[in-house]
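Engineer: Here is a sequence together with a model predicted from it:
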Amino acid sequence: DAHLHLADSRVQDPGTLIQRAKSAGIHWFLQGGVGPEDWARQRELAARFPGVLPVFGLHPYWVADHSEPECESALDQLAREISGAAALGETGLDFRPHMAKDSEDRQIQCFEAQLELARVAGKPVVLHIVQAHEEALRVLDLFGTGVRGMVHAFTGSWPQAEAYLKRGLLISVGGPVCRPEKKGLHQAVQMIPLESLVL
């Protein structure tokens, strides 16, 4: 499974979920990090369940809900702890209307800082990009070919997917691909090479 949130406090029995997945042939579980609060839970899960891969990052939701000093402190902590993770994420941008408008600059700053941490640490990234593809591509271009990983839960168009593919990123799709109204996503999935497509 290319991305899941077993560390979420709403997951009552991760062991049962993992066992069901393994019986269906899924043996590796890439976590999605949200913020410092869940990194410790991820470490515990990884210690208890072989195949669970911790991923530490500051999700755009977390960034939007925290002040600039809190974000800077969390980035310092992430720099100290990223070596213990399989990847860095979730990171990215979410500019949907329900997100705090005053968080957009902070999201961009944290996104840039996390991509630099990933580049220095040699870690792949798990990107959360929603209604901010142009801005995300501009940030990614600051790093040239120094960033690898996936655009998680992609719901955009083929031209947007192609732009990420040209930058060496994989495209991850989830449940929305089953919605009949997502015509642009359906077209994109038909065009994405299989070797660049993950679930």
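Structural biologist: Here it is on my side, so go on.
Engineer: Where do the strands of the chain begin and end?
Structural biologist: 29-30, 52-53, 55-56, 87-94, 125-130, 149-152, 170-172, 197-198 (DSSP state E).
Engineer: Tell me which of those sits most buried.
Structural biologist: strand 55-56 (a mean of 29; mean count of other C-beta atoms under 10 Å). (C-beta placed from N, C-alpha, C; glycine too.)
Engineer: Just checking: what are the partner strands of that strand?
Structural biologist: Strand pairing for strand 55-56, determined by DSSP bridges: strand 87-94 (parallel).
Engineer: hmm, who's touching the strand it pairs with?
Structural biologist: Residues outside strand 87-94 that contact it (C-beta atoms under 8 Å, 6 or more residues apart in numbering) are 30, 32-34, 53, 55-61, 64, 78, 82, 104, 107-108, 110-111, 114-115, 117-118, 121, 123-132, 135-136, 139, 149, 152.
Engineer: angle of it against strand 125-130?
Structural biologist: 20 degrees (axes from the mean of the first three to the mean of the last three C-alpha atoms, to 10 degrees).
Engineer: give the contact list for residue 192.
Structural biologist: 161, 165, 171.
Engineer: Same question for residue 74.
Structural biologist: So residue 74 contacts 35-36, 58, 62, 66 (C-beta under 8 Å, 6+ apart).
Engineer: Show me where this protein has its helices.
Structural biologist: 14-23, 36-48, 60-64, 68-81, 104-121, 133-141, 158-166, 183-191 (DSSP state H).
Engineer: Near residue 20, how many other residues are there?
Structural biologist: Residues lying near residue 20 (other C-beta atoms under 10 Å) number 10.
Engineer: can you check residue 58 too?
Structural biologist: So residue 58, with other C-beta under 10 Å, has 28 neighbours.
Engineer: cool, and residue 110?
Structural biologist: Residue 110 has 28 nearby residues by other C-beta under 10 Å.
Engineer: Let me know the closest of the contacts of residue 192 to residue 46.
Structural biologist: Of all the contacts of residue 192, residue 171 has the smallest distance to residue 46: 25.8 Å, by C-beta to C-beta.
Engineer: hang on, the earlier thing: can I get the contacts of residue 74 in a markdown table including distance to residue 3 and pLDDT?
Structural biologist: What follows is the contacts of residue 74, written out as a markdown table (distance: C-beta to C-beta, whole Å; pLDDT from 0 to 100):
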| residue | distance to residue 3 | pLDDT |
| --- | --- | --- |
| 35 | 16 | 96 |
| 36 | 19 | 96 |
| 58 | 16 | 98 |
| 62 | 16 | 96 |
| 66 | 22 | 96 |
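Engineer: By neighbour count, which of these wins?
Structural biologist: Counting by other C-beta under 10 Å, top hit in the contacts of residue 74: residue 58 with 28 neighbours.
Engineer: hang on, the earlier thing: which two in the contacts of residue 74 are spaced the farthest apart?
Structural biologist: It's 36 and 66 that sit farthest apart of those, by C-beta to C-beta, at 10.0 Å.
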